[in-house]
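Asks: Prediction below, plus the sequence it came from.
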Amino acid sequence: MVVVLADGVRNYMTKFLSKEWMVENGFLPSSELKDSKNPLVDVKISELNLPRVKFFKAADLTVGQALDIITEGQIAIPIINNEGTKIIAGIFQNKLLEMIQNKNLTKADLSTKILHKDFAALN
């Protein structure tokens, strides 16, 4: 005699009940994540009229310059590779201020000391 007892879905809630997980693993089409009520559905990034962002190479930017850019209102500074073809890091306002305080950096130090590589870039 064999008895099969199914357990509850509690242990699988973060996977099988998550549309994001189901789409990421190919069980549902990505269209399942579209929210028709969201005003940004089917809007291209180029249509958003976002302010232009300044890109820099790490070796060309000092901590002082980064601080000035952040003070002007740019919340993040994308850092590109030497070829200018790929974003390789970022400088973010909260991280910049924290590192200036904790590492005793001067405005003359290169931005290579304050780069943050944990970010996502959208094309």
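Replies: Good, I have the coordinates.

Asks: what's around the spatially closest residue to Pro29 that is not a sequence neighbour, how many residues?
Replies: Closest residue in space to Pro29, ignoring its immediate chain neighbours: Val23 at 7.2 Å, by CB to CB, 6 or more residues apart in numbering. Every residue, glycine included, has its C-beta placed from N, CA and C. Val23 has 15 neighbouring residues, counting by other CB atoms under 10 Å.

Asks: Tell me which helix or strand Val23 sits in.
Replies: helix 19-24 (DSSP states H and E).

Asks: Kindly report the same for Ile70.
Replies: Applying DSSP H and E, one finds Ile70 within helix 63-71.

Asks: which of the residues in that helix are buried?
Replies: Neighbour-count burial for helix 63-71, counted by 16 or more other CB atoms under 10 Å, picks out Val63, Gln65, Ala66, Leu67, Ile69, Ile70.

Asks: mind putting those in JSON lines, distance to Ile87 and pLDDT included?
Replies: Shown next, in JSON lines, are the buried residues of helix 63-71 (distance: CB to CB, whole Å; pLDDT from 0 to 100):
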{"residue": "Val63", "distance to Ile87": "19", "pLDDT": "91"}
{"residue": "Gln65", "distance to Ile87": "18", "pLDDT": "94"}
{"residue": "Ala66", "distance to Ile87": "15", "pLDDT": "93"}
{"residue": "Leu67", "distance to Ile87": "20", "pLDDT": "92"}
{"residue": "Ile69", "distance to Ile87": "15", "pLDDT": "92"}
{"residue": "Ile70", "distance to Ile87": "17", "pLDDT": "91"}
